[in-house]
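In: What would the 3D arrangement of this be:
(2 chains)
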Amino acid sequence: MSPASETLPKAYDPTEVEARWYPRWTDAGIFRAEAADTLEGGREPYVIMMPPPNVTGTLHNGHALFVTLQDILIRYHRMKGKNTLWLPGVDHAGIATQAVVERELKRHEGQSRHDLGREAFVERVWEWKERNGSRIVEQLKVMGAAADWTRERFTLDPTCSRAVNEAFVRLWDEGLIFRGERLINWDPATRTALSNEEVEHEEREGELWRFAYPLTGSDEEIVVATTRPETMLGDTAVAVHPEDERYAAMVGKKLRHPFFPERELAVIADSEVDPTFGTGAVKITPAHDPNDFEMGKRHDLGFLNIFDLEARVNENGGPFQGQDRYVARENVKTELERLGLARGGEAMTHAVSISERSGEAVEPMLSRQYFVRAAPLAAEACAALDELGQTELIPASWKSTWDHFMKNIHDWCISRQLWWGHRIPVFYDTKKLEEAIHSDASRKGGDTAALRALEGGAQRGDLVRLALDTVDEDLVRSFSVASRENLCEGASGERYVQEEDVLDTWFSAGLWPMSTLGWPEETDDLRAFYPGAVLETGFDILFFWVARMMMFGCHFMGRAPFGHIFLHAMVRDAHGHKMSKSLGNAIDPLDVIHGISKDALIEKTKTYPVPEKNLSRVLKALAKEYPDGIPASGADGLRFSLAALSGQGRDVKLSIPRVAGYRAFLNKVWNATRFALMGMGEEEPPPLDACLDRFSMADRWILSRLQAATERVAAGIETYRFDEAANGVYQFFWNEFCDWYIELSKDALMPDASQETRQTTRSVLIHVLDASMRMLHPICPFQSEEIWQRLPGRDTRWGSEVPFCAVAPFPEVDASLVDLEAETQIDRVVRAVSRLRNLRQESGLPQRQRIPAVILAEDDAVRESLGSVADEVKRLARLSELQIDKPSAYSVPTQAAVHAEPDLQVVLPLEGLIDLDAERGRVEKDLARARKELEGYERKLGNPGYVNKAPAEVVEETRARAGRCQEKIEGLLGSLERLGAS
RNA sequence: AGGCACGUAGCUCAGUGGCUAGAGCGCCGCCUUGACACGGCGGAAGUCGGCGGUUCGACCCCGCCCGUGCCUACCA
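Out: The predicted structure is shown next:
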């Protein structure tokens, strides 16, 4: 019989334990889900689609949070017997990935993607993906993610691509996808269109600058105010409010453009103009401003595009052609000043639209793109939440934000001028193209650029591109075919040219809940696992992603893709700042798990894109924040922390000291196990059922508390209150099991206790540990598995068909073990011990000194129950002797410290041991507190409104409290008297 | 500008229309008590952002204000 303290190390080492279990779980295939279990076996499915991280990135702490929360849900429901599927995958992340590879290409080979050509470039991106994609998978495994890797998906793999084409063609056929000219968000840096959701608004310092447009044939002028003077090169009108008397006479007149005398600007009246802002007159640039665009349509103005694709002034800008927009801004101002048209200006902060991708200011551009008509789809998605009740948004506070977005949704620009992604499955029929060009030309008076190109024998591709941009939209549609098959392959290949643009990444991501299961094929997986139970993700992609999945799921499957949408908070640093590499405060989850030294952390941060001017400040802050680096918390430690810190607010502030605190908990769990196994050897404890009639009060108590904890933890997970679940395990295990049960049961394990008592206590210890590990498992899978495996009698309890804690049942509440009597009694013991400890320390008695004590209680049963644990009380309060008596049978000595509880009094006879003044001070303080409390009760009871209107039991309770308080005061007065009399 | 959160101990956060408002970390003191110093025991510390209102009673419900954060938005 070897003591367990020799087999279990003294301190818990997560690194060693965590490396061991993941392969065993996957080798046993316990994360794999079978459609047949549900389709034939009728097992209820529980499905989560993992939000696919960007294939080229690495996981950060935001990912760590979603991994933790989803894994908790998945593991919990698996233990609850559901047919559980967590489907993992990665996203091709169009712009982000392409940008990374382009940057690498430039840096290492000095080439642009255009130098390489489309095919070769895409090849490079695939290579990059193959090299980097697996890192995410490794990270997920280190985190413990219980995902079904046999079903791992990539948004560009054939199954997903097929779904994308299917969805596109169906929407096209239904008229929900169209190609049209709109004012879109153009990112001049990455040279692609963006959706509204990829644009951020930032407040920036700017200038509201004024200049004058002279009226033609008059000395009069009209002064306009603008933050973008360069756009005046594309102005086609000036608008005023129809009721603005200052300008009433000018409406309908013409203005002269200072640089282009041939262009006449109209003065128009429109009620959208705010007469109180600026000069009350607005310059209108319909091709480069969303408001002006609308205005232009209303008033049939000219749309003059003045920028090229890199936001340099184009040929319409005359002398300013070729200048960057910001350069042109200054030059236009200078020139207007020279012409005497400048009219001053003032500083102003205004919102600038920024590309989320490049950080560059977005240029609104008139452009032909593919769009999804989002409104009808949004209506279906809203119905799923509202009328149909298929989906619930949690926390519900997001509902109003959701509604506002969905009811005001704009058409969704889905074409991107990129090479990495799903190429749009639209094919242009070159035969019909010619007809279209001719029809277009005849509509437009016979001569068009496209016609000239056609007759000049232009290359097919160039001709298509030209026609797409210039031929009337309905005629473009006449030579466009959306097709599931690639029409450029095979016999008819010669005839077709495929659209060059690719789809917005979120288009394929929107199909994720279906495409991953094989849609449009009616697969078993699709039948078994659609819809999913919950979509768990950050609120920052509610619209990017969640809304799109809802729209597509409802539209194509006729049913919302998940029952719950749970939006978790954002992970921030300890100060509440968003973690980001460019701020230098991003912490890699692996560094938390494995630990990292201060120096290594600083070196690593130096490789992040922190702006030069901030670097030294950032590094200094880092050194201050982590003077000792980051201690290794293990995956379990990080997971526990994230769960415990994830309230339902919008932030999770990850503070490393806090993580260390939770890691201490895991050490505590480990050592409680060491204690339980100590001296037990291979000997199996009897099953709990065999001990029912031999339980001590403490046994009954801890088993009762276990039921409460079980309920709390399960409820926490089921209501997405992961902090509740984590705290539930924490408090039960540490504050009840370790602090009291283990302490109370030590005597029962000593060699002088009877064999029977020892066996019963061990049975309870092992039972509680077994249940606790199963309760802890969803949050801390590694440690719970390790300990659960080591508990003696595992096979007897669970049999060989339950080889892992990961597949053992989650504890169920056993009502027969709920024991209120035991709770009352142990609560009394806890109070007595605590008061004794408090008295001795308040009286300044050193910890090592054992002292005698007396507990007085009127009630026979109280005395009896305390008497039954007298030895334990003596040990816990470090007493030399303990007398338990009726108050009437004991006369409190003059020099004594006394504390009264409602049902008992604790007394430390302190003859010669105490400082009388200090004792008197303590009692007086107590007295003051009690008097204040009593005052409160009396004020309430003296209030007729309270006595009459408050519920009778509340009033009664207050009376009882007042009574007890009064007794306590009398006791304290008695003490004071004794002390004073000495 | 509108919307949504949040404001509770030095820090990070729980909390319920009625018990003397709690936890972890930090702080102070004591303790190498036969699992654990990543530990044990005890302690100090909060006018629950401000002002009103509803109520017998408000940290909690309502209104306004102040502050912070986020989202949405066409004021050039």
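In: Could you use CA atoms for every contact and neighbour count after this?
Out: Noted.
In: can you list the weak-confidence ranges in the stretch 151-300 of chain A?
Out: Within the stretch 151-300 of chain A, not a single segment meets pLDDT under 70.
In: residue ranges of the strands in it, please?
Out: Secondary structure of the stretch 151-300 of chain A (DSSP state E, counting those that start in this stretch): strands at A:153-154, A:177-187, A:192-194, A:199-214, A:221-226, A:237-240, A:254-256, A:264-269, A:281-284.
In: So for residue A:844, which of those sits nearest?
Out: Closest to residue A:844 of those is strand A:199-214 (Cα to Cα; 61.4 Å).
In: quick revisit: could you dump the strands of the stretch 151-300 of chain A to CSV with mean neighbour count and distance to RNA strand B?
Out: Output for these, formatted as CSV (neighbours: other Cα atoms under 10 Å; distance: least, Cα to the nearest atom of the strand, whole Å):
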stretch, mean neighbour count, distance to RNA strand B
strand A:153-154, 20, 26
strand A:177-187, 21, 11
strand A:192-194, 23, 13
strand A:199-214, 17, 6
strand A:221-226, 20, 4
strand A:237-240, 25, 8
strand A:254-256, 22, 17
strand A:264-269, 22, 11
strand A:281-284, 26, 5
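In: wait, does the helix ranked longest in chain A contact RNA strand B?
Out: The longest helix of chain A (DSSP state H) is helix A:952-981. Yes: against RNA strand B, helix A:952-981 shows contacts by Cα under 7 Å from any atom of the strand at A:954, A:961.
In: starting at the chain centroid, how far to that helix?
Out: With Cα atoms, centre = their mean, to the nearest Å as the basis, helix A:952-981 stands 51 Å off its chain's centre.
In: just checking, what packs against that helix?
Out: strand A:896-900, helix A:916-941 (3 or more Cα pairs under 8 Å, 6 or more residues apart in numbering; DSSP states H and E).
In: if we go to 7 Å?
Out: helix A:916-941 (3 or more Cα pairs under 7 Å, 6 or more residues apart in numbering; DSSP states H and E).
In: May I see the buried residues of the following helix or strand past the helix it packs on?
Out: The C-terminal neighbour of helix A:916-941 among helices and strands, as given by DSSP states H and E, is helix A:944-949. The neighbour-count criterion (16 or more other Cα atoms under 10 Å) identifies no buried residues in helix A:944-949.
In: now the longest helix of chain A against strand A:896-900, angle please.
Out: For helix A:952-981 against strand A:896-900, the angle by axes from the mean of the first three to the mean of the last three Cα atoms, to 10 degrees is 170 degrees.
In: rewinding a little: out of the strands of the stretch 151-300 of chain A, which is closest to residue A:951?
Out: Nearest of those to residue A:951, taken as Cα to Cα: strand A:199-214 at 54.3 Å.
In: Let me have the strands of the stretch 151-300 of chain A in TSV, extended by distance to residue A:448.
Out: Below are these laid out as TSV (distance: least, Cα to Cα, whole Å):
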stretch	distance to residue A:448
strand A:153-154	45
strand A:177-187	19
strand A:192-194	26
strand A:199-214	34
strand A:221-226	36
strand A:237-240	27
strand A:254-256	29
strand A:264-269	25
strand A:281-284	28
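In: burial of residue A:692, as a residue count?
Out: Counted by other Cα atoms under 10 Å, the residues lying close to residue A:692 total 14.
In: hang on, I meant residue A:501
Out: Using other Cα under 10 Å, residue A:501 has 22 other residues around it.
In: Pull the contacting residues for it.
Out: By Cα atoms under 7 Å, 6 or more residues apart in numbering, residue A:501 lies in contact with A:415, A:416, A:417, A:418, A:423, A:424.
In: Quickly list the domain ranges of chain A.
Out: A:4-8+A:658-798, A:31-176+A:374-415+A:501-568, A:186-366, A:434-491, A:822-981 (automatic domain parsing).
In: who wins for proximity to residue A:21 among those domains?
Out: Short answer: domain A:4-8+A:658-798, nearest of the domains of chain A by Cα to Cα, at 6.6 Å.
In: can you redo the domains of chain A as CSV with distance to residue A:643?
Out: Shown next, in CSV, are the domains of chain A (distance: least, Cα to Cα, whole Å):
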stretch, distance to residue A:643
domain A:4-8+A:658-798, 5
domain A:31-176+A:374-415+A:501-568, 7
domain A:186-366, 29
domain A:434-491, 44
domain A:822-981, 29
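In: What residues of stretch A:116-126 count as buried?
Out: Here stretch A:116-126 shows A:121, A:122, A:124, A:125, A:126 as buried, counting by 16+ other Cα under 10 Å.
In: For the third one, report the pLDDT, please.
Out: On pLDDT, residue A:124 comes in at 90.
In: Which residues are in contact with it?
Out: Applying Cα under 7 Å, 6+ apart, no residues contact residue A:124.
In: Same question for the fourth one.
Out: Applying Cα under 7 Å, 6+ apart to residue A:125 gives the contacts residue A:101.
In: Now the phi/psi pair for it, please.
Out: phi -60, psi -40 (degrees, to the nearest 10).
In: any idea how far it is from residue A:118?
Out: 11 Å (Cα to Cα, to the nearest Å).
In: Output the contacting helices and strands for the host helix or strand of residue A:434.
Out: Per DSSP H and E: residue A:434 is located in helix A:430-443. For helix A:430-443, the packing partners by 3+ Cα pairs under 7 Å, 6+ apart come out as helix A:449-455.
In: just the CA coordinates of the helix it packs on, formatted as PDB?
Out: C-alpha atoms of helix A:449-455 as PDB (Å, rounded to 0.1, in the frame of the first residue of the first chain):
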ATOM      1  CA  ALA A 449     -16.900  52.800 -77.000                       C
ATOM      2  CA  ALA A 450     -18.000  49.200 -76.800                       C
ATOM      3  CA  LEU A 451     -19.100  49.300 -80.400                       C
ATOM      4  CA  ARG A 452     -15.900  50.800 -81.500                       C
ATOM      5  CA  ALA A 453     -14.000  48.200 -79.600                       C
ATOM      6  CA  LEU A 454     -16.100  45.400 -81.100                       C
ATOM      7  CA  GLU A 455     -15.500  46.700 -84.600                       C
END
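In: Could you look up the next helix or strand downstream of it?
Out: As assigned by DSSP H and E, the chain's next helix or strand after helix A:449-455 is helix A:460-470.
In: That next one versus strand A:177-187: what angle between them?
Out: If you take the same axes, to 10 degrees, helix A:460-470 sits at 90 degrees to strand A:177-187.
In: so how many other residues sit close to the residue lying closest to residue A:271 once chain neighbours are set aside?
Out: Closest residue in space to residue A:271, ignoring its immediate chain neighbours: residue A:241 at 5.1 Å, by Cα to Cα, 6 or more residues apart in numbering. Using other Cα under 10 Å, residue A:241 has 22 neighbouring residues.
In: and of the buried residues of stretch A:116-126, the nearest to RNA strand B?
Out: Closest approach to RNA strand B among the buried residues of stretch A:116-126 (Cα to the nearest atom of the strand): residue A:125, at 29.3 Å.
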